[in-house]
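Visitor: requesting a structural model of the entry that follows:
(2 chains)
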Amino acid sequence: MTETVVAELRGITVEFPGVKALDDVDLVLRRGEVHALMGENGAGKSTLIKALTGVYPIDAGTITVTGSLRHFGGTDDAQEAGIATVYQEVNLCANLTVGENVMLGHEVHGALGIDWKATHAHARDVLARLDLGIDPRSMLSSHSIAVQQLVAIGRAMVIDSTVLVLDEPTSSLDRDEVEQLFAVMRGLRDDGVSILFVSHFLDQIYEICDRVTVLRNGHLEGEYAISDLPQVELVAKMLGRELALLDSIAERSADVAVRHTGTPALQALAVGRKGMIEPVDLELYSGEVVGVAGLLGSGRTELARLLYGADRADTGQIRVNGSDARLSNPRSAASQRIAFSSEDRRKEGIVGDLTVRENLILGLQAKRGWMRPMNRIQQDKIVAEYIQALGIRPTDPETPISNLSGGNQQKVLLARWLATAPQILILDEPTRGIDVGAKAEIQKLITQLADDGMAVLFISSELEEVVRLSQRICVMRDRAKIAEVSGESVDVDDLVSLIAREGKAS
Amino acid sequence: MKRLVRNRLFWPVLALLLLIALNTASRPSFLSITVHDGALYGSLIDVLRNSAQLMLVSIGMMLVIATRGIDLSVGALLSVSGAVTLTYIAGSSDPSSIGTVLTGITIGLVVTLVLGLWNGFLVAAIGMQPIIATLVLMLAGRGIAMLITQGQITTIRSTPYQFIATGHLLGLPFALYISVAVVLVVALLVRRTALGMLIEAVGINPEASRLAGVRSRGIIWGVYAVSGLLAGGAGILYSSNIMAADANNAGLNIELDAILAVVIGGTSLMGGKFSISGTVVGVLILQTLTATITFLAIPPAVTPVFKAVVVIIVCLLQSPKARSLLTGRRQRRRSPGRPRHPVASAQASVPTSEATGETVVTR
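Guide: You can find the predicted model right below:
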C-alpha cells in the first residue's frame, strides 16, 4: 500500500466564545486507509470533523487536500475538494427514491431537462460499486436504516470523493448490518478512498481500522497504528490515564461485589431491549450508591432509561421492593417512587421558558395531577427550601430556568425529583458540563441522600467520580454489563482495564 | 415607561387603540353609545357582541397552540353544531320552548365535543401531525353538517334561541356575557389549577415533560376536546344570530382569524407560554378591524388587502427584531453554532457559590 497523504490538517484550532474546542490538533489521512477518530464526549471529534468538512471556520492551522492548501468557506468547498460526509443520522429524503437521493444535485441532464433513465442508471452503477443490488427506483423509506446508511455512502461517492467521513455510522445497526457496512468500507479502501471512521465501539475500531487519532479535551493525544496499540492503552489514552500494570489488578477485583441481605429496593432481572442493550441483572439497595462505568455508547444510558420506563424493556422483569413492577412509561415508574434525571439536560430535563419555580414543582405537580394544584404559598415554601438547601443561584425563583448556568439547572432538576420524595434515584451524568464547585456540591448531595436511605444509581463518564461515590460499580461495555465490582476495592485504573479488556464478555 | 413598552400586551393594546382612534377620526359617532329600551347600542357595543364567536374559537385555539398543535377544524365544527342544534329545534313540536332550545344546544355541544375528542385521539393517541389530523374534520365537518341539514339552509323561528345572539341582559348584549364567562372559566381552569403550567410544559418541551411524569397525552387530548366544544358554542352563537344553519358559510375561515388572534396576542405558534389576555386583545383587534372595514365603507374588493396590511403591521410591531431594525439598533451575532460539548461550559464558568452553607436535605 502506498503511503500517499490525501488530506493533512495541521495545527487546527477552533475557538468558540470562551473556550477552545480544538487546540493545535493534527490529522493526517492517507490513501486507502480506514482511520479511526477516537475520544470521549467533548474531546473535539465533532468539531474536528466539522472543520474538515467546512462547517466550522478554523481559527488557526492549515488544511491541505491532495497537495494544495485549502480554505473552506462552507461545506460545498469541502465537497469540491473531494471530502464527503455521512452523518450519524441519515441525512437523506425518505420520500424520494433511492436513485433520486443518490443523484440529488448531480442528475444527468439531457436535451429536455433531467434524463431520469440515465440518472437512475448512474445511480445503479454507484450502488453496484457498494455491492448494493437494490432498485434505484424504490422509495428510500422502504429500506432498513442500514441500507439507507449505505445509500448515504453511495451519495457521497457520486462526487468521486477521495476522503469519506463516517460519523458514528454503526450506532443504530445490528451485527450483520455492521458486517455489510464494513464490507463496503473495505471495498472503498481498496479502491484508494481514505475513510475517517468515528465510532464508540472498540471492537469495531479494531476490526476495520488501520490507524487511530486520539483526542482528549480538545488536544491531540497522538496518532497510532492500530496494531501497535492494545485496547487497554487506547482507552487509557482516551481517558487520560497513565498506563500501569492494570490487567492483573482488574482480574483480582472483578466480581467481588458487596454482599447484601434483605430485599433490594430495585431489582432488574435480565432486563434488556433488542438493539439497545443486552439483558442486565442489577440490584439496588436502599442507602447505597451504585455506579455505572463505561464508555459513551456502552449502554449505560440505555440501562437507566429501561429502569425508569423511559423506554420499554422487551425482556426481563423489574422488581421494586420485592414485588413485580410494570414500568411501561415514566408515570408508572414515578408512582413506584423512582426518579430519573436524564443526561441531556437541555432536551430532556429543563422546560426552557418556565421559571425555576415551575420547573422545580413540575415533577410533584405531575404526580398530583392538574386537578390538585398546590397554592402559591405551598409552592413558594417548597421552592425556597430547595433553593436554600441546594444553593441554587440566582435565588429568585421567578427567573426563567434557561438563564441559569448548567450547574444550577442541574440542581433545579435534582430538586424537582427530590421534592417528589423518591426512594430510588437514577442519575445519568448529573455532573456533566457544570463547574467544579457545583460538581462537588452535587456529589456531596448524592452521598447525603444515600445516607438518608435513598437508593441511588449513578452514571458518569468521569470514573474518578464513580469510584469516589459508589459502593458498588456496574461496568458496561458494548451494550452489555461485563462486571460488577465493589467500589472500595477498585480504583480508576482497574475500571479502565476492565472496560478495555480484550474480547467480548458475553 | 420602559417596563410598559416591554410588556407583552403593550403593542397589541396600542394597535387596538390606534384602530379605534382611526375610526373615531373618520366619524366621531364611532364612540357614541345610545340607550334604547334599557339596552345599550353603538359601534363599540357591536364589536363586543360580534366578537363572541371569534372569542370562543380563539380561546380554544390558544390552548391547542400552546401544546404545539393547531386546530384547523374549528370552522367546520362551528357549522356542525349549528346544523345539529337547528335541525333538532326545527323538528321538535315546540321550537319556542326553552326546554327544546336547551336540549338542542346540549346535543349540538356534545356532538362537537365528540368531534374534538376525535381530533385529540388522532393527535395524542395515534400521533398524527395536528395540521393533518384536524384537516380531516376541516374538510369532512362541513360534509357532516350538509348531511344533517340535507343540503338545505335550515331556518327556525324560536324567540329563546334568537335571544342568545341578539338579546340583551341588564343593558348589555347576552352574547357578551357568554364570551366573558368562557374567558373567565378558562382562565380559572388553567390558572387556578396546575393545568396551565402543565400545558405550557408539554408545549415547550414534550420529552422533558414526559420524563417528569406529566400525563401529556391526556392534556393534549383535552385541549382538542375543549377547542371542539368552544367551536360548537361559537356555532350556536352564529346560527342564533341569523336563525339559520348554513353548512357552507358558517364559520368560513374563522380558523385563520382565530390563529391570527392568538398570534397577535403574543402566543407563539411554537407552543409554550400562552396569554389569555393577549388572545382577548387579539380578538378585539380583529373584530374592530372588521367593524372598521364596514365603518370606513372600504370597498369589498380591497377588504382582504386592508386586513392583511393591518395584521402585518401589528405582527411587525410585536417582533423585537423588526422593531430593532426600524430603530436602527442592529445586533450582530457570531456566526458558527455554539459547541454543545461539556468542556465548553465547564471551562467557561467559574465556581461562584463554594462558600454556600450546605444543609442536609431530608425527605
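Visitor: now chain A against chain B: closest residue?
Guide: Minimum separation of chain A from chain B (Cβ to the nearest Cβ) falls at residue A:437, amounting to 2.7 Å. Just so you know, the C-beta spots here come from the backbone N, C-alpha and C atoms, and that holds for glycine as well.
Visitor: if I look at that residue, how far off is residue A:443?
Guide: Distance of residue A:437 to residue A:443, given as Cβ to Cβ, to the nearest Å: 11 Å.
Visitor: now do residue A:158
Guide: Taking Cβ to Cβ, one finds residue A:158 at 51 Å from residue A:443.
Visitor: same question, residue A:422
Guide: Following Cβ to Cβ, the distance that separates residue A:422 from residue A:443 is 18 Å.
Visitor: neighbour count for the two, which is higher?
Guide: residue A:422 (22 against 18; other Cβ atoms under 10 Å in any protein chain shown).
Visitor: who touches the more buried one in this structure?
Guide: By Cβ atoms under 8 Å, 6 or more residues apart in numbering or on different chains, residue A:422 lies in contact with A:337-339, A:454.
Visitor: quick check: the farthest pair among those?
Guide: A:338 and A:454 (10.9 Å; Cβ to Cβ).
Visitor: mutual contacts of the two, please.
Guide: Contact criterion Cβ under 8 Å, 6+ apart; residues shared by residue A:338 and residue A:454: A:422-425.
Visitor: how about these in TSV, adding distance to residue B:180?
Guide: Shown next, in TSV, are these (distance: Cβ to Cβ, whole Å):
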residue	distance to residue B:180
A:422	44
A:423	48
A:424	49
A:425	47
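Visitor: what about these, which are in strands?
Guide: Those of those mapping onto strands are A:424-425, per DSSP state E.
Visitor: got TSV for the shared contacts of residue A:338 and residue A:454, with pLDDT and distance to residue A:450 too?
Guide: Listed next are the shared contacts of residue A:338 and residue A:454 as TSV, based on pLDDT from 0 to 100; distance: Cβ to Cβ, whole Å:
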residue	pLDDT	distance to residue A:450
A:422	91	12
A:423	92	11
A:424	93	11
A:425	93	9
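Visitor: ok, back up a step: among the contacts of residue A:422, which ones are in strands?
Guide: Per DSSP E, the subset of those in strands is A:338-339.
Visitor: closest to residue B:127 out of the contacts of residue A:422?
Guide: residue A:338 (25.4 Å).
Visitor: right, and the closest one touches residue A:421 too?
Guide: No - contact criterion Cβ atoms under 8 Å: residue A:338 and residue A:421 do not qualify, at 11.7 Å.
Visitor: who has more neighbours out of the two?
Guide: Shown here are residue A:338 and residue A:421; by other Cβ under 10 Å, residue A:338 has more neighbours (29 against 12).
Visitor: give me every residue that touches that one.
Guide: Going by Cβ under 8 Å, 6+ apart, the list of residues near residue A:338 reads A:266, A:307-309, A:320, A:327, A:422-426.
Visitor: how about the strands in the stretch 51-200 of chain B?
Guide: Assigned by DSSP state E, counting those that start in this stretch, the strands in the stretch 51-200 of chain B fall at B:154-155, B:168-169, B:172-173.
Visitor: can I get those strands in TSV with mean neighbour count?
Guide: Formatted as TSV, the strands of the stretch 51-200 of chain B follow (neighbours: other Cβ atoms under 10 Å in any protein chain shown):
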stretch	mean neighbour count
strand B:154-155	18
strand B:168-169	16
strand B:172-173	18
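Visitor: ok, residue A:393 to residue A:403 distance?
Guide: 11 Å.
Visitor: more neighbours, those two?
Guide: residue A:393 (17 against 13).
Visitor: surely the more buried one is in contact with residue A:409?
Guide: No - checked against Cβ under 8 Å, the pair residue A:393 and residue A:409 is beyond contact range at 11.0 Å.
Visitor: pLDDT at residue B:251, what is it?
Guide: As predicted, residue B:251 sits at a pLDDT of 86.
Visitor: ok, it - contacts?
Guide: B:53, B:57, B:74-79, B:231, B:234-235, B:238.
Visitor: re the thing from before, need the strands of the stretch 51-200 of chain B in CSV with mean pLDDT, can you?
Guide: As requested, the strands of the stretch 51-200 of chain B are arranged in CSV below (pLDDT from 0 to 100):
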stretch, mean pLDDT
strand B:154-155, 87
strand B:168-169, 88
strand B:172-173, 91
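Visitor: mind putting the ones you listed in a markdown table, distance to residue A:96 included?
Guide: As requested, those are exported to a markdown table (distance: least, Cβ to Cβ, whole Å):
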| stretch | distance to residue A:96 |
| --- | --- |
| strand B:154-155 | 49 |
| strand B:168-169 | 61 |
| strand B:172-173 | 56 |
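Visitor: need the ones you listed in TSV (columns: distance to chain A).
Guide: What follows is the strands of the stretch 51-200 of chain B, written out as TSV (distance: least, Cβ to the nearest Cβ, whole Å):
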stretch	distance to chain A
strand B:154-155	39
strand B:168-169	32
strand B:172-173	32
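Visitor: quick one: which of the ones you listed is nearest residue A:380?
Guide: strand B:172-173 (38.9 Å).
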